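Student: I would like the atomic coordinates for the input below:
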Amino acid sequence: MPKIPFNLVVSVAAWKFHFNSNELIKMKKTLSFFALSFPLVIAQSGAVHAQGYPAKAVTVIVPHGPGGANDAVARPFAQKIGERLHQTFVVENRAGAGGNIGIGVSARGSQDGYNLLLTVGSSYTISPFVYKTVPFDPKKDFEPIGLVATAPYVLIVNPELPVKTVQDLIALAKSKPGQLHMASAGNGTLDHLLGEMFKRAAGVDMLHIPYKGASAANTDMVSGRVSVTFTSWPSVMSFVHAGKLRLLAVASSERSSLLPDVPTIAETVPGVAAMSWYGLFAPAGTPADVVATLRRETSDVLADKSFQANLKAQGAEAANTTPAQFSELIDADLKTWSGIIEQTGARVE
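Tutor: Coordinates of the predicted model:
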């Protein structure tokens with residue numbers, strides 16, 4: 001075997017060392033680049049996710065039947081936000097148990113932004129206190145997206161009833177204790193609780209007749225089977241305009257911009273007031289970027305003039321609140337209704 005000169009061995013070794021050192025430097029630079037870039041990649045991944053949402057149809061669960069006030073708000077909203085996001089938002093009515101069934105279905109549904117809930121506030125903040133058990137926790141199971149609309153609650157009577165003011169109704173009820181029938185959309189609904197508040201505050205006795213939904217109650221109000229009801233303005237607006245029902249007062253704390261000439265109940269019976277609101281929710285655990293997209297698009301829908309006009313024609317108004325203000329409203333309502341239900345004992349077994 002030929003002998004290799006020592007100086008050649010040294011030269012090759014030096015060359016290999018130089019090569020390896022350069023490679024190490026390159027590797028360190030590469031690793032440094034990735035180390036610096038990794039947080040940026042992670043941060044941008046959410047944006048990519050949001051930009052790709054929605055990639056398919058989105059289901060918006062309405063926990064009440066078609067044709068009611070909740071449905072009347074949800075459908076134009078779903079159409080408008082779908083137009084903005086270039087995807088179909090499908091309203092799915094899942095009625096039953098005062099809204100509990102539909103809210104429960106959404107709470108147990110997917111947490112990917114393709115399962116949303118648009119519900120009236122009373123089902124969300126009253127049901128947990130009037131029912132022995134409910135299939136959802138209003139504080140833990142959902143992420144509030146935004147307040148979509150508000151609508152006044154109103155005091156309505158059958159036109160055959162000889163009353164034209166709140167004071168007239170109180171006088172008649174006192175002259176016929178227990179004889180006037182007061183309809184509601186069901187035990188423990190806002191209709192029912194407002195009626196109980198009114199009875200206690202005015203010192204009158206009216207017989208509560210619970211129905212399975214506002215539509216059934218309104219049908220019997222028009223026919224004259226029952227004489228008095230507290231209900232949302234969207235659900236009876238057409239009957240009032242047609243002269244089939246008589247509007248006595250609004251139940252808001254101040255006069256409504258939708259009905260500026262109609263007095264409030266509180267002007268005659270202080271303390272009797274409530275508002276109907278409709279809010280959009282996503283199940284807890286929905287990705288933050290999807291929630292942010294939905295909040296942004298909801299805000300833009302509410303600022304849309306055509307959407308505002310559509311809601312007004314339905315007897316409601318587009319809301320204008322931040323997500324934080326919406327959460328505060330939910331907390332306030334949970335506190336208020338828990339106290340009132342404790343006082344009235346209006347529970348459903």
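Student: Surely T298 and R84 touch.
Tutor: No - with contact defined as Cβ atoms under 8 Å, T298 does not reach R84; the gap is 9.5 Å. Using the backbone N, CA and C atoms, a C-beta is placed for each residue, glycine as well.
Student: neighbour count winner among the two?
Tutor: Comparing T298 with R84 by other Cβ atoms under 10 Å, the one with more neighbours is T298, at 22 against 14.
Student: Number of residues surrounding T189?
Tutor: T189 - counted by other Cβ under 10 Å - has 28 other residues nearby.
Student: Oops, could you answer that again for G243 instead?
Tutor: G243 has 8 nearby residues by other Cβ under 10 Å.
Student: can I assume it sits in a strand?
Tutor: No - assessed with DSSP: H, G, I helix; E, B strand; the rest coil, G243 is coil; it does not lie in a strand.
Student: Identify the residues contacting it.
Tutor: P159 (Cβ atoms under 8 Å, 6 or more residues apart in numbering).
Student: got a pLDDT number for it?
Tutor: Predicted confidence (pLDDT) for G243: 97.
Student: any idea how far it is from D141?
Tutor: Distance, G243 to D141, by Cβ to Cβ, to the nearest Å: 44 Å.
Student: try L172
Tutor: According to Cβ to Cβ, L172 and D141 sit 44 Å apart.
Student: Same check on A201?
Tutor: In terms of Cβ to Cβ, A201 sits 34 Å off from D141.
Student: next one: F230
Tutor: 29 Å.
Student: More neighbours: which of these two?
Tutor: F230 (27 against 18).
Student: Please name the nearest non-neighbouring residue to the residue nearest the centre of the chain.
Tutor: Centroid-nearest residue in the chain: G279, 1.9 Å away (criterion: Cα atoms, centre = their mean). Closest residue to G279 apart from its sequence neighbours, by Cβ to Cβ, 6 or more residues apart in numbering: L147 at 5.1 Å.
Student: Just give me the neighbour total for the one you found.
Tutor: Neighbours of L147 (other Cβ under 10 Å): 24.
Student: Would you pull up how far the host helix or strand of it lies from the middle of the chain?
Tutor: Assignment of secondary structure by DSSP states H and E places L147 within strand 142-157. Chain-centre distance of strand 142-157: 8 Å, with Cα atoms, centre = their mean, to the nearest Å.
Student: Toward the C-terminus, what is the element adjacent to that strand?
Tutor: Counting by DSSP H and E, the next helix or strand C-terminal to strand 142-157 is helix 166-175.
Student: Remind me what that following helix packs against, helices and strands.
Tutor: For helix 166-175, the packing partners by 3 or more Cβ pairs under 8 Å, 6 or more residues apart in numbering; DSSP states H and E come out as strand 142-157, strand 246-250.
Student: Does V62 touch N93 like I think?
Tutor: Yes - applying Cβ under 8 Å, one finds V62 in contact with N93, separated by 5.2 Å.
Student: Between these two, which is the more surrounded one?
Tutor: V62 (27 against 17).
Student: which residues in the stretch 51-200 of the chain form strands?
Tutor: With DSSP state E, counting those that start in this stretch applied, the stretch 51-200 of the chain shows strands at 58-62, 89-93, 115-120, 142-157, 181-184, listed in chain order.
Student: What strands flank the third one, and is each parallel or antiparallel?
Tutor: Yep, that's strand 115-120 we're talking about. Using DSSP bridges, strand 115-120 pairs in its sheet with strand 58-62 (parallel), strand 275-283 (antiparallel).
Student: From M197, how far off is I170?
Tutor: 14 Å.
Student: Tell me which of these two has more neighbours.
Tutor: Neighbour count, other Cβ under 10 Å: between I170 and M197, M197 has more, with 22 against 18.
Student: do you know how far the residue lying closest to that one once chain neighbours are set aside is from A249?
Tutor: Closest residue in space to M197, ignoring its immediate chain neighbours: V272 at 5.1 Å, by Cβ to Cβ, 6+ apart. Separation of V272 from A249 (Cβ to Cβ): 9 Å.
Student: returning to what we had before: could you save the strands paired with strand 115-120 as CSV and add columns showing mean pLDDT?
Tutor: Below are those laid out as CSV (pLDDT from 0 to 100):
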stretch, mean pLDDT
strand 58-62, 98
strand 275-283, 96
